[in-house]
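Engineer: what follows is a predicted structure for the sequence shown.
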Amino acid sequence: MHDPVRQDSDRMIELVQLKLQYEKEVENQLKAKLKQFEKFESDQLSILGEKYQQIESRVDKKASEIEESAKSRASIALSQIKDANEKVQSQQKQLQIEREKRELLEKKLALEKEEKLKAELAHGKTMLKAMLDLFERDTKLYQEVLSDVKSCGVDMRGQADGCFEVLLEIVKQAHSNMRQIIQFSQSNIREVRREHIQAINTFSKDVNEALAKISASLKKNISKVDQISQEINSRQIQPEHRRYTSTEVMHTDNGSHAEVANKPKKEPSKKVEAKALERSEFFSTFSEKSSEAYIKYEAILSSKDPRSSQFVKVVKGACRSINNAISGNSLQMLTYQTNRIMSLFRGKTVSISDVLVNPNIPNGIEFIKVYLAENLVANLNQFDCRELALATLLVELALHDNEFRSVLMSAFHRRCPFTRPAYPSKRSKQSEDEFKVEVGYTKQLGEWEDTKSYLNRMLYMVQLYGAVLTTRPISGDGKSSVRHPYGYGMAWTWLAEFINLTPFSGYSAGLLRAFLSACGSDLLQQYSAQFVKMMRIVKGPYLDRCKKIKDDMTYIGHLENSLGKFFTSGSFFKDCELDSEFWG
């Protein structure tokens, strides 16, 4: 019989054994898995190690490449810095050389100016002494003749149809002119020119001839005066059929002037005319006074300094803006533009079209004056109220800046030779291009402008020139409270010299009408009867000469019609006029 207890015990042992066996198998499995894991871990660590080594190798390689690249860039940068330093040093040396050259040039100019001043003073004193000797001699002779006239028992003043009075008037006027020239010469010894002593000699000759005639008249038999009077009446010449006697006006810086009447001359040849006009007092005076400003202007244009190039660009833009803003509709806007320009002339920085213009660089102010004058004078395509306003602005600037006064006249004379006045002729060795530049032609897109465009521009410039000589400045009251920087005297001189030039085919009548349309009305008010007499000469002998050389008949017709209306109505012609409201 089986023992139940034993059976249970055996079963328990069996179960324990089974359990132990199972645990052992599980343990073996775990050990096997642990080995597998350890092997996997070892393999992964090995792979990671290899990858790390690869990464480390690549990082080292990249770092080496970066280091090499950095060294290379650093080397290039150092080289560029070295080159830049050398370039800066070279530029500094060049600037130093240019500065030294400029200083030497300025010293040279100062010395030349001083020597020229001394020479002018010495020459002026010599000529002044000669003029005084002539004047004193003629004064003494004049007084002696007057004494003889007073001591004469017969009244000579009614004799010979006023001939005696005319002779006395000639002596008186010539004597007065001599006194005015000498007064001018005494106050401006440096401004004494050869023309002054020539004028004194001419007047002295007039005085002596007239006094000789008076003395001869005193010695003649009084009973024959009526017979002489009848003979003179029969030989009288109408003034409109005589050739005009040129009137030369001596114009000083303070606006005073003296009129000098010369005797009729034969028609000069073109070569003689050209040389005489080159020595014209006004042209040479303004040219001399503005030469230094033009030298400084050219210095900036030719400078290789980047600052100068930038300055030129800014000034050109500013002048273009100012030119576009000028209008004949608003005196306030014109005054505003004038004030901005005067600020630049005084060395102040001005904002124009949102760009700051700073004139305070070497020769900057002179460059602005020259460029502004030439730009405003030359770029004309019409003559209307705007150009009259422009003339007013230019006169105001010239009134307050003496250097600009000379620069403006030089700009006219350089850009338009007819304002001197002169008819330039081509020299034998002069090229066609050089001649065109000299007479004022301009290029458009690399080609010379056509003759019609050129002539129209010259006519507009001559009109502007006439307006500048006589128009009132902005600060004027239309009367005489403000001194004019140029004045009627210069306009009268231009008119007299132009009429005595030999007319030039295609130009003369048009140029004369352009000038008269701008300032003829003012000259009529100033000179009245003298001006009317001159216009009769223009309408008669002068236009006859124009017709003989076959001048442009259209321009001759325009001038002839305009003068005809003047003699009919008494009112002188104007092409345009600023409204009275413009002046407020």
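Structural biologist: Arrived safely, thanks for sending. All values derive from a computational prediction rather than experimental measurement.
Engineer: got any ranges where the stretch 451-584 of the chain has weak pLDDT?
Structural biologist: 476-482, 505, 551, 584 (pLDDT under 70).
Engineer: how about the helices in it?
Structural biologist: Shown for the stretch 451-584 of the chain, the helices assigned by DSSP state H, counting those that start in this stretch span residues 451-470, 488-499, 508-527, 529-537, 543-548, 553-569.
Engineer: would you mark the buried spots in the shortest one?
Structural biologist: Put plainly, it is helix 543-548. Residues 543, 545-546 are the ones in helix 543-548 that count as buried (16 or more other CB atoms under 10 Å). Every C-beta, even on glycine, is put in place using the N, C-alpha and C of the backbone.
Engineer: tell me who's in contact with residue 335.
Structural biologist: residue 474 (CB atoms under 8 Å, 6 or more residues apart in numbering).
Engineer: for the helix or strand hosting it, buried residues please.
Structural biologist: Using DSSP states H and E, residue 335 sits in helix 331-345. By 16+ other CB under 10 Å, the buried positions in helix 331-345 come out as 331, 334, 337-338, 340-342, 344-345.
Engineer: could you redo these as a markdown table and give each row distance to residue 13?
Structural biologist: Converted to a markdown table, the buried residues of helix 331-345 look like this (distance: CB to CB, whole Å):
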| residue | distance to residue 13 |
| --- | --- |
| 331 | 135 |
| 334 | 133 |
| 337 | 128 |
| 338 | 132 |
| 340 | 125 |
| 341 | 129 |
| 342 | 131 |
| 344 | 125 |
| 345 | 130 |
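Engineer: let me have those in JSON lines, extended by distance to residue 30 and pLDDT.
Structural biologist: Below are the buried residues of helix 331-345 laid out as JSON lines (distance: CB to CB, whole Å; pLDDT from 0 to 100):
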{"residue": "331", "distance to residue 30": "112", "pLDDT": "86"}
{"residue": "334", "distance to residue 30": "109", "pLDDT": "89"}
{"residue": "337", "distance to residue 30": "105", "pLDDT": "91"}
{"residue": "338", "distance to residue 30": "108", "pLDDT": "92"}
{"residue": "340", "distance to residue 30": "101", "pLDDT": "92"}
{"residue": "341", "distance to residue 30": "105", "pLDDT": "94"}
{"residue": "342", "distance to residue 30": "107", "pLDDT": "94"}
{"residue": "344", "distance to residue 30": "101", "pLDDT": "94"}
{"residue": "345", "distance to residue 30": "106", "pLDDT": "93"}
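Engineer: so which of those residues comes closest to residue 517?
Structural biologist: Each of these was checked against residue 517 using CB to CB; the closest is residue 334, at 21.6 Å.
Engineer: ok, which stretches of the protein are strands?
Structural biologist: 247-251, 257-261, 350-352, 355-357, 443-444, 447-448 (DSSP state E).
Engineer: what helices or strands is the longest helix along the chain leaning on?
Structural biologist: Longest helix in the chain, counting residues (DSSP state H): helix 4-151. When contacts are defined as 3 or more CB pairs under 8 Å, 6 or more residues apart in numbering; DSSP states H and E, helix 4-151 sits against helix 163-187, helix 194-219, helix 281-302.
Engineer: tell me the contacts of the nearest residue to residue 546 once chain neighbours are set aside?
Structural biologist: What sits nearest to residue 546 in space, not counting adjacent residues and going by CB to CB, 6 or more residues apart in numbering, is residue 503, at 4.7 Å. Contact analysis of residue 503 by CB under 8 Å, 6+ apart lists 509, 542, 545-546, 549, 551.
Engineer: identify the farthest-apart pair in the residues you listed.
Structural biologist: Farthest pair in these, by CB to CB: 542 and 549, 11.5 Å.
Engineer: between these two, who's got more neighbours?
Structural biologist: residue 542 (23 against 12; other CB atoms under 10 Å).
Engineer: wait, doesn't the more buried one sit right on residue 499?
Structural biologist: Yes: counting by CB atoms under 8 Å, residue 542 touches residue 499, with 5.6 Å between them.
Engineer: I'd like the distance between the closest residue in space to residue 295 that isn't next to it in sequence and residue 308.
Structural biologist: Spatial nearest neighbour of residue 295, excluding adjacent residues (CB to CB, 6+ apart): residue 109 at 7.5 Å. With distances taken as CB to CB, to the nearest Å, residue 109 is found 19 Å from residue 308.
Engineer: out of those two, which sits in the more crowded spot?
Structural biologist: Legend: neighbour count by other CB under 10 Å for residue 109 and residue 308, higher for residue 308 (19 against 14).
Engineer: wait, what's in contact with the closest residue to that one other than its chain neighbours?
Structural biologist: Closest residue in space to residue 308, ignoring its immediate chain neighbours: residue 300 at 5.1 Å, by CB to CB, 6+ apart. Applying CB under 8 Å, 6+ apart, one finds that residue 300 lies in contact with 308, 311-312, 362-364, 367.
Engineer: contact partners for residue 286?
Structural biologist: Neighbouring residues of residue 286 by CB under 8 Å, 6+ apart: 406, 409-410, 413.
Engineer: do the same with residue 566
Structural biologist: Counting by CB under 8 Å, 6+ apart, residue 566 touches 535, 572-573.
Engineer: just send the residues you listed back as TSV, with distance to residue 559 and neighbour count too.
Structural biologist: Shown next, in TSV, are the contacts of residue 566 (distance: CB to CB, whole Å; neighbours: other CB atoms under 10 Å):
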residue	distance to residue 559	neighbour count
535	10	22
572	13	21
573	10	17
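Engineer: ok, so of the residues you listed, who is nearest residue 46?
Structural biologist: Ranked by distance to residue 46 (CB to CB), the contacts of residue 566 are led by residue 573 at 114.1 Å.
Engineer: chain neighbours aside, what residue packs nearest to the closest one?
Structural biologist: Among residues not flanking residue 573 along the chain, residue 562 sits closest, at 4.5 Å (CB to CB, 6+ apart).
Engineer: got a list of what the nearest residue to residue 364 once chain neighbours are set aside touches?
Structural biologist: In this structure, residue 364 finds its nearest non-sequential neighbour in residue 311, 6.4 Å apart by CB to CB, 6+ apart. Counting by CB under 8 Å, 6+ apart, residue 311 touches 300, 361, 364, 367.
Engineer: so for stretch 342-362, what gets flagged as buried?
Structural biologist: Judged by neighbour count (16+ other CB under 10 Å), stretch 342-362 contains these buried residues: 342, 344-345, 350, 352, 357, 359, 362.
Engineer: repeat that for stretch 393-404.
Structural biologist: 393-401, 403-404.
Engineer: my read is that residue 575 contacts residue 517, right?
Structural biologist: Yes: contact criterion CB under 8 Å: residue 575 and residue 517 qualify, at 4.5 Å.
Engineer: out of those two, which sits in the busier spot?
Structural biologist: residue 517 (23 against 15).
Engineer: residue 531 versus residue 457, what's the distance?
Structural biologist: In this view, residue 457 and residue 531 are 28 Å apart by CB to CB.
Engineer: same thing with residue 379?
Structural biologist: 32 Å.
Engineer: kindly report the same for residue 419.
Structural biologist: Distance from residue 419 to residue 531, by CB to CB: 20 Å.
Engineer: those two: which is more packed in?
Structural biologist: A direct count of neighbours by other CB under 10 Å for residue 419 and residue 531 places residue 419 higher, at 28 against 20.
Engineer: contacting residues around the more buried one?
Structural biologist: Residue 419 makes contacts with 412-413, 461-462, 465, 494, as judged by CB under 8 Å, 6+ apart.
Engineer: rerun at 6 Å
Structural biologist: Contacts of residue 419 were listed using CB atoms under 6 Å, 6 or more residues apart in numbering, and they are 412-413, 465.
Engineer: out of those residues, who's the most crowded?
Structural biologist: residue 465 (28 neighbours).
Engineer: surely it is in contact with residue 411?
Structural biologist: No: contact status for residue 465 versus residue 411: not in contact, 10.2 Å apart, counting by CB atoms under 6 Å.
Engineer: what pLDDT does the closest residue to residue 137 other than its chain neighbours get?
Structural biologist: The shortest distance from residue 137 to any non-neighbouring residue, by CB to CB, 6+ apart, is to residue 204 (7.9 Å). Looking at residue 204, its pLDDT stands at 70.
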